[in-house]
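In: Quick one, structure for this:
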Amino acid sequence: MSRTSSILLLLLGMLILSVKVGALTSDGEQPLHIQADAAVMDDAKGSSVYRGNVSIEQGTLQIKADEVEIITSDSEVIQIIASTDANSKNLAYFEQLPDDSTDLVYADARKITYLVQEERLHLSGNATLRQAKDVLTGELVYYDITQGIMSLKSGGQQGRIDVIINPKAK
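Out: The predicted structure follows:
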């Protein structure tokens, strides 16, 4: 199979996989519950950093990481950046139920940036995105949750992306 055919099949597969989803609307109406070993909050900068076994819950949203930075503007959460320590064997973790789905979206990576208002996920470092039985893996994964558009990049010359798309159940 030629490289062009492979690329076209990958794009077709991504179109089949992409469904319009958005974060569960009611999640934003729930309180944000954060647990960590320590925190530094700077109201003037609109930033708070939580360290040590961080766990965040808000409705169906769950985030776990070694460190999480939450950036706010006008008392609204704009960005959540979850990351793992350089020597950690664990990955940062994200999970959320989209509005029009019964299948949770799961993500793991060394660094997960959740652009809350734009409903986008940026995963970097050993990144994996899963929903139902579909799995996307690469060094970088960009996911527009609302549009259902995903972009994957490998980790260099030898690195490859890996996409597993399962047929829809009838």
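In: The one helix or strand Ile70 maps to - contacts with which helices or strands?
Out: Following DSSP states H and E, one finds Ile70 within strand 61-73. Helices and strands touching strand 61-73, as assessed by 3 or more C-beta pairs under 8 Å, 6 or more residues apart in numbering; DSSP states H and E, comprise strand 47-58, strand 76-83, strand 92-96, strand 111-115. Placement of C-beta: from N, CA and C, glycine included.
In: List of residues touching stretch 48-62?
Out: Residues from elsewhere that reach stretch 48-62, judged by C-beta atoms under 8 Å, 6 or more residues apart in numbering: 23-24, 26-42, 63-70, 72, 80, 82, 93-97, 104.
In: Who are the contact partners of Thr137?
Out: Here Thr137 is in contact with Ala127, Thr128, Leu129, Leu152, Ile161, Asp162, Val163 (criterion: C-beta under 8 Å, 6+ apart).
In: out of those residues, which are inside strands?
Out: Residues of these located in strands (DSSP state E): Ala127, Thr128, Leu129, Leu152, Asp162, Val163.
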